[in-house]
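> just to be clear, the model below is a prediction. Sequence and coordinates:
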Amino acid sequence: MVTFSLSTHKTLSISSRQFGGWPSATGLAAWPMFHVKPCFPHGTHSEGTRRGRRPTGFANPLHGICQNSPRILQCHSMLDRFTVRELLAPFDVTLSDHNVDMLLDYLDLLLRWNRKINLTSIPTPEECVTRHFGESFFLSRVVPLQGRLLDIGTGAGFPGLALKLLAPDLEVVLLEPVAKKRAFLKWVARICGMDSVHVSGSRVQEFAKEEPAHSFDLITVRAVGGLESVVPAAIGLLKPARYLCLWVGSQQVSEICRVNPGLRWQEPVPIPLSSERQILVGRLGAA
């Protein structure tokens, strides 16, 4: 059994049976969710390494997983709780210590996986907190977060999976056609202990044919192209008087409202720290 430390407060235990034997350290280093760094439990490494002997079970004498001794792979958050709260202050959101720790786990995984697959173009952890988490969390100031949520074209989980962190009672369905991104979403949900998270590879047009009509309380669309076909499909999945929420540029608002008269559109809400981005909310059959 090997214990992986995914942050300063969380561990994941894995047995060799899950891999058909112990993977090499080189193999682990290729996994974007792990950062391999030899870290010996207290009192277990001195005899073998001090005398220059190769410890039993190592694929590599310097980096590896020892079959006879636990190993700890440490992933340290680049930010602390205080910094995260300062970065999120403009979005008027309050997080418990537990929620901040989950955010840091999510952020660690996002930046590590982003080295291998294209999850975000944002280079710094600080900007990831504001642009991804902050802009997602800001929806809580606009509409109630309850019931079933469908996030269309979720990518790295923004806003859908981030909102699950903020509102754990949400039942969340994430639509993402790229298989590697779906693997990332499932891993984040597992590591952060999120239940009632469903990840689908369907595009919304196909998903709308499989899912019962008017079955979601909240539908979110952020950084997704082709809104001319996405919005009509989303409308068919929305419960009466519930919320379709779009993260859009200010120049898109009038055209979206014009071509989708079936929704009653509310005044767009400017997103903090942005001069252009807004949240546009439409309600089906609402007064």
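Received, thanks. The model shown is predicted, which means the values in this text are computed figures rather than measured ones.
> mind listing the strands for the stretch 151-287 of the chain?
171-175, 197-200, 216-222, 238-249, 263-265, 269-270, 277-284 (DSSP state E, counting those that start in this stretch).
> turn those into TSV, columns for mean neighbour count and distance to residue 182.
In this view, the C-beta of every residue, glycine as well, is placed from N, C-alpha and C. Converted to TSV, the strands of the stretch 151-287 of the chain look like this (neighbours: other Cβ atoms under 10 Å; distance: least, Cβ to Cβ, whole Å):
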stretch	mean neighbour count	distance to residue 182
strand 171-175	23	8
strand 197-200	18	5
strand 216-222	24	17
strand 238-249	20	21
strand 263-265	18	29
strand 269-270	14	30
strand 277-284	21	25
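> out of these, the one nearest residue 133 is which?
Residue 133 sits nearest to strand 216-222 of all these, at 12.2 Å, using Cβ to Cβ.
> hmm, who's touching that closest one?
If you take Cβ atoms under 8 Å, 6 or more residues apart in numbering as the criterion, strand 216-222 is touched by 135-136, 139, 143, 145-153, 158-160, 163, 170, 173, 227, 230-231, 234, 237-239, 242-247.
> do stretch 192-206 as well
102, 105-106, 152-153, 161, 164-165, 168, 170-177, 179, 182, 185-186, 188-189, 207, 210, 229-230, 233-234, 237.
> selection in ChimeraX covering whichever of these are buried, please.
Per 16 or more other Cβ atoms under 10 Å, the buried members of the contacts of stretch 192-206 correspond to this ChimeraX selection:
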select :102,105,106,152,153,161,164,165,168,170,171,172,173,174,175,176,182,185,188,189,207,230,233,234,237
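> give me the domain ranges for the protein.
1-76, 97-284 (automatic domain parsing).
> give me whichever of those domains is most buried.
Of all those, domain 97-284 has the most neighbours on average by mean count of other Cβ atoms under 10 Å, namely a mean of 18.
> for that one, measure first residue to last.
Length of domain 97-284, first residue to last, Cα to Cα, to the nearest Å: 37 Å.
> for that domain, what does the pLDDT average out to?
Per-residue pLDDT over domain 97-284 has a mean of 97.
> can you give me the helices in the protein?
25-30, 46-50, 81-88, 97-113, 125-127, 135-137, 160-166, 179-191, 204-210, 227-235, 253-259 (DSSP state H).
> so can I have TSV of the ones you listed showing distance to residue 284?
Formatted as TSV, these follow (distance: least, Cβ to Cβ, whole Å):
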stretch	distance to residue 284
helix 25-30	46
helix 46-50	65
helix 81-88	31
helix 97-113	31
helix 125-127	35
helix 135-137	22
helix 160-166	19
helix 179-191	27
helix 204-210	14
helix 227-235	6
helix 253-259	14
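> of all these, which one is nearest residue 276?
Of the helices of the chain, nearest to residue 276 by Cβ to Cβ is helix 253-259, at 10.8 Å.
> just checking, what packs against that closest one?
helix 227-235, strand 277-284 (3 or more Cβ pairs under 8 Å, 6 or more residues apart in numbering; DSSP states H and E).
> turn these into CSV, columns for distance to residue 217.
Output for these, formatted as CSV (distance: least, Cβ to Cβ, whole Å):
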stretch, distance to residue 217
helix 227-235, 13
strand 277-284, 11
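> ok, back up a step: which of the helices of the chain sits closest to residue 277?
helix 135-137 (7.1 Å).
> what helices or strands is the closest one leaning on?
Using 3+ Cβ pairs under 8 Å, 6+ apart: helix 135-137 touches helix 160-166.
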